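Novice: Sequence plus the predicted model coming up.
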Amino acid sequence: MDVNALYNEWLEKATGDPDLKAELEAIKGKDDEILDRFYRSLEFGTAGLRGVIGAGTNRMNIYTVGRATQGLSDFLNKNYENPSIAIGYDSRIKSDYFSREAASILAANGIKVYIYEELEPTPCLSFAIRYFHTSSGIILTASHNPAKYNGYKCYNPKGYQMTDEEAAETYDFIQKVDYFTGIKKVDFDTAVADGRIEYIGDEVINAFLDEVQKQCLHPDVVKSADLKVIYTPLNGTGNKPVRAILDRIGVDKVYVVPEQENPDGNFPTCPFPNPEIKQVFEIGLEMNKSIGADILLATDPDCDRVGIAVPDKSGELVLMSGNEVGAMLLNYLLSERKAMGTLPASAIAVKSFVSTDLAEVIAKKYNCTFKNLLTGFKYIGELITNLEAEGRADDFVMGFEESYGYLAGTHARDKDAVVASMLICEMAAFYKTKGMNLVDVMNSLYDEFGYYGNDVQSYTFEGAAGMEKMAGIMDGLRAEPPKEIAGFAVKAISDYKSSKTVFTDGGEEAIDLPKSNVLAYALEGGNKVIVRPSGTEPKIKAYITAIGKSKAESKALCEKLIAAADEFMK
């Protein structure tokens with residue numbers, strides 16, 4: 001591949017967006033800049049496309065979006081009679097522009113398009129797919145990535161992200177499309193006027209909120225608890241739906257962080273709009289000095305994930321992890337539904353296999369079947385769909401991932417920060433009436449089940465050299481498997497790429513999950529290290545589990561395991 005030839009072709013032909021032309025002119029003669037933009041095409045996988053916004057085959061722009069959409073159109077026309085699609089978008093730079101571009105291409109290919117009139121959360125896209133019975137769905141979002149990123153995620157008719165097979169077939173079609181001559185397109189406004197593109201109205205949003213509200217267990221308690229909430233949508237899509245659902249269940253003291261209230265893809269007050277990090281709460285924490293809230297909520301830009309901060313007895317605000325919130329929500333739903341007599345006899349809960357094992361222990365207490373699935377909420381969506389096919393949809397209690405993604409109910413087949421925000425506030429109100437805050441609740445779970453410490457370390461490898469480095473690290477770990485990690489003997493190694501667990505005593509066991517580039521090390525004492533390259537970012541993540549009798553003991557173990565993981569990444 002001649003990157004300079006590609007560059008010159010784009011310089012000549014990429015005239016559809018003046019921003020691209022200016023960028024291409026600005027990098028003329030800068031070999032490293034040209035290489036970074038053209039050394040590859042953005043890969044289309046089960047997470048769709050994700051990349052930096054800009055010019056080139058390795059960037060998010062109208063041509064990479066257009067090429068992907070034409071390939072998707074060809075896939076849909078091959079596999080469905082009279083195909084249709086739902087489209088949503090978030091507050092990111094050019095998300096609305098890209099969504100209109102995609103709609104225009106799909107309509108030109110004879111595919112009926114339903115598109116939201118304004119930015120909406122990712123779970124609303126999942127809901128719309130099933131509401132309209134469409135063949136597919138697209139959401140323009142890069143979730144919690146920095147402002148320079150955008151993305152394009154594709155869904156199947158069941159409302160969760162494409163399977164590996166569907167994505168691979170779509171990618172085959174995409175590769176046949178020329179960026180400049182292979183894309184059909186119609187004028188957006190013309191297609192709206194003649195009905196090929198139809199706006200999704202308020203009735204769909206209201207139907208979504210109706211389904212979310214059904215998951216509320218104790219609305220009367222919420223109304224009487226006088227709960228105070230500080231909320232930030234982080235300049236994203238959560239502002240309207242989260243406030244609407246909290247109002248519905250009786251949380252009337254919601255204070256929204258003004259600097260982060262309105263949509264803004266530049267994320268001026270939080271360069272990393274990720275509810276996993278403390279920075280996103282800083283303005284809310286300052287607000288709280290005069291408000292004295294019971295809880296702070298932060299939803300990410302596409303509102304599929306939510307993080308919380310809670311004051312302890314001394315008034316110090318504690319940021320709670322996704323694992324902790326997942327464990328508390330599961331315990332709350334199971335215990336209260338059992339008390340109310342609404343817990344199914346064959347109840348089932350689920351998490352990603354990198355999330356805390358504490359959830360599995362909690363589920364066992366309530367005789368709830370528990371499943372561990374690969375990382376990626378589509379696997380949880382698939383499980384719900386299979387339960388529905390068996391007439392068991394009501395058996396699903398909850399699914400979650402440690403990265404702050406939760407779902408209760410079956411209205412969506414993706415993580416949903418709208419229903420999670422509602423249930424977190426309901427749970428906080430419920431325990432407030434009993435004289436407990438959520439820090440107290442979490443500590444009571446640790447006292448009962450043991451201290452499960454969890455940590456996630458991310459190691460970034462940018463650019464072409466970074467991709468090679470990541471592959472080399474995983475290859476090296478497979479070629480020379482560690483026998484001990486931080487002084488703990490390795491009891492078993494699970495290689496999800498080969499679908500096999502090898503035990504140190506010589507035994508083997510098949511892994512009945514889709515293949516994935518993941519290595520999991522089971523250590524003495526129930527401790528774990530899991531190594532997984534991200535599917536959407538240039539990162540390798542190490543997931544640490546450190547089980548101790550106290551927080552201090554768990555933290556000390558965790559630090560040792562993190563240091564060992566750091567060595568893996570050199």
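Specialist: Yep, it's here.
Novice: what residue ranges in this structure are flagged as low confidence?
Specialist: The chain contains residues with pLDDT under 70 at 1, 535-536.
Novice: All the strands of the stretch 101-250 of the chain, in order from the start?
Specialist: All strands of the stretch 101-250 of the chain, identified by DSSP state E, counting those that start in this stretch, fall at 112-116, 136-140, 149-155, 197-200, 228-232.
Novice: G265: which element?
Specialist: Remark: G265 resides in no helix or strand, with elements defined by DSSP states H and E.
Novice: burial of the residue nearest to it when sequence neighbours are not counted, as a residue count?
Specialist: Nearest non-adjacent residue to G265, counting by CB to CB, 6 or more residues apart in numbering: I93, 4.0 Å away. To be clear about C-beta, it is placed using only N, CA and C from the backbone, and glycine gets the same treatment. Using other CB atoms under 10 Å, I93 has 19 neighbouring residues.
Novice: Do I have it right that I93 meets D264?
Specialist: No: using CB atoms under 8 Å, I93 is not in contact with D264, being 9.4 Å away.
Novice: related to what we said a few turns ago, so the residue nearest to G265, which of the three states?
Specialist: coil (DSSP: H, G, I helix; E, B strand; the rest coil).
Novice: Distance of it relative to T190?
Specialist: 26 Å (CB to CB, to the nearest Å).
Novice: cool, T232 as well?
Specialist: 39 Å.
Novice: Show me what stretch 154-162 is in contact with.
Specialist: Stretch 154-162 is touched from outside by 46-48, 72, 125-127, 129-130, 133-139, 153, 163, 166-167, 170, 376-378, 380-382, 385, 412-414, with contacts defined as CB atoms under 8 Å, 6 or more residues apart in numbering.
Novice: Between the two ends of it, what distance do you get?
Specialist: Separation of the first and last residues of stretch 154-162 by CA to CA, to the nearest Å is 6 Å.
Novice: Tell me how far it lies from the chain's centre.
Specialist: 14 Å (CA atoms, centre = their mean, to the nearest Å).
Novice: what's the answer for stretch 268-288, then?
Specialist: 18 Å.
Novice: go on, stretch 521-528?
Specialist: From the chain centre to the centre of stretch 521-528 is a distance of 27 Å (CA atoms, centre = their mean).
Novice: Then stretch 172-182?
Specialist: From the chain centre to the centre of stretch 172-182 is a distance of 28 Å (CA atoms, centre = their mean).
Novice: Could you do stretch 40-59 as well?
Specialist: 18 Å.
Novice: coming back round to it: so of the strands of the stretch 101-250 of the chain, which one's packed in deepest?
Specialist: Highest mean neighbour count of those: strand 136-140, a mean of 28 (counted as mean count of other CB atoms under 10 Å).
Novice: angle of that strand against strand 149-155?
Specialist: Here strand 136-140 points in a direction 170 degrees away from that of strand 149-155 (axes from the mean of the first three to the mean of the last three CA atoms, to 10 degrees).
Novice: Against which helices or strands is strand 136-140 packed?
Specialist: helix 62-79, strand 84-89, helix 95-108, helix 122-132, strand 149-155 (3 or more CB pairs under 8 Å, 6 or more residues apart in numbering; DSSP states H and E).
Novice: how about the third one as CSV, C-alpha atoms only?
Specialist: Going back to what we said before, that points to helix 95-108. Extracted in CSV, the C-alpha atoms of helix 95-108 (Å, rounded to 0.1, in the frame of the first residue of the first chain):
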residue,chain,number,x,y,z
SER,A,95,-22.1,12.8,15.2
ASP,A,96,-25.3,14.6,13.9
TYR,A,97,-23.5,15.2,10.5
PHE,A,98,-22.4,11.6,10.2
SER,A,99,-25.9,10.3,11.1
ARG,A,100,-27.5,12.4,8.3
GLU,A,101,-24.8,11.2,5.9
ALA,A,102,-25.5,7.6,6.8
ALA,A,103,-29.3,8.1,6.5
SER,A,104,-28.9,9.6,3.0
ILE,A,105,-26.8,6.6,1.9
LEU,A,106,-29.1,4.0,3.3
ALA,A,107,-32.2,5.7,1.8
ALA,A,108,-30.5,5.8,-1.6
